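Peer 1: kindly return the folded structure for what I paste below:
(one chain, ligands or ions: 1)
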Amino acid sequence: MTTTRRATATDLPFLEEVFVITMDWNPANAKGAAHWRADPTFQQYIGGFPRSTDFGLVAERDGQTVGAVWSRYFTAEEPGYGFVAADIPEIGIGVVEGRRGEGIGRALLNALIAASTTDLSLSVEDGNPAEELYRKQGFVPVGRVGNSTTMLRSERRDAGPS
Ligand SMILES: CC(C)(COP(=O)(O)OP(=O)(O)OC[C@H]1O[C@@H](n2cnc3c(N)ncnc32)[C@H](O)[C@@H]1OP(=O)(O)O)[C@@H](O)C(=O)NCCC(=O)NCCS
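Peer 2: Numbering: from 1, shown residues only. Down below sits the predicted model:
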């Protein structure tokens with residue numbers, strides 16, 4: 001059985017692993033942990049987790065951490081890949097190899113959406129099947145950066161007509 005819980009500072013090493021998973025989603029272009037740990041995006045996305053405005057969730061199965069999702073705010077001066085606005089956090093999500101396709105990613109994303117009170121953004125590279133998951137969970141394309149699509153999920157969707 002898979003359970004989902006809040007990520008804490010002790011989960012940082014696992015979240016670092018998951019950051020590498022997100023960057024190396026395409027095995028044909030994978031650069032490896034050493035590359036990403038030396039890349040400025042590593043600290044930008046996951047360094048110092050949990051900052052006061054970070055929010056993260058970890059999925060566990062049989063006592064093992066098998067996936068994580070987190071959101072972090074960026075600024076226009078130092079935007080993330082999927083930056084939309086300073087008041088819209090960007091998310092990262094990954095499930096360990098061997099546990100994908102079992103519904104863990106969807107469960108994590110849904111739990112983060114349910115806990116979130118803001119719009120959410122993300123960046124997904126062309127060809128990543130994760131884009132389908134994001135669309136199904138209400139994210140819509142709002143821009144392009146290089147060979148990636150920026151997607152946004154409006155929190156107001158759930159609010160219904162006012
Ligand atoms: C993307 C990811 C987090 C999804 O988590 P998961 O547990 O594998 O996904 P789920 O089992 O919950 O599947 C949910 C949906 O994701 C989509 N999906 C995810 N991976 C897919 C794949 N390899 N092929 C086809 N569809 C896929 C499908 O739409 C699926 O919906 P369905 O079951 O109705 O077909 C996981 O596959 C992963 O870590 N991938 C590598 C890292 C990555 O790409 N991160 C996102 C970067 S933007």
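Peer 1: okay, and the residue nearest to Val142 when sequence neighbours are not counted sits in which element?
Peer 2: Nearest non-adjacent residue to Val142, counting by C-beta to C-beta, 6 or more residues apart in numbering: Leu152, 4.6 Å away. Any C-beta I mention is one placed from the backbone N, CA and C, and that applies to glycine too. Using DSSP states H and E, Leu152 sits in strand 148-153.
Peer 1: surely the residue nearest to Val142 touches Thr118?
Peer 2: No - contact between Leu152 and Thr118 fails when scored by C-beta atoms under 8 Å: they sit 10.9 Å apart.
Peer 1: the two - which one has more neighbours?
Peer 2: Leu152 (20 against 15; other C-beta atoms under 10 Å).
Peer 1: relative to the ligand, which residue of the protein is the closest?
Peer 2: Gly105 (1.9 Å; C-beta to the nearest ligand atom).
Peer 1: that residue falls within a helix, correct?
Peer 2: Yes - the assignment for Gly105 by DSSP: H, G, I helix; E, B strand; the rest coil puts it in a helix.
Peer 1: now it. Nearest residue, chain neighbours left out?
Peer 2: Nearest to Gly105 is Val95, by C-beta to C-beta, 6+ apart, at 5.0 Å.
Peer 1: and Ser121, by the same measure?
Peer 2: Closest residue to Ser121 apart from its sequence neighbours, by C-beta to C-beta, 6+ apart: Val84 at 4.3 Å.
Peer 1: I'd say the one you found and Val142 touch.
Peer 2: Yes - Val84 is within contact range of Val142, at 6.5 Å (criterion: C-beta under 8 Å).
Peer 1: so the two - more neighbours on which side?
Peer 2: Ranked by neighbour count (other C-beta under 10 Å), Val84 and Val142 place Val84 first, with 21 against 13.
Peer 1: pretty sure that one belongs to a strand, no?
Peer 2: No - according to three-state DSSP, Val84 belongs to no strand; its state is coil.
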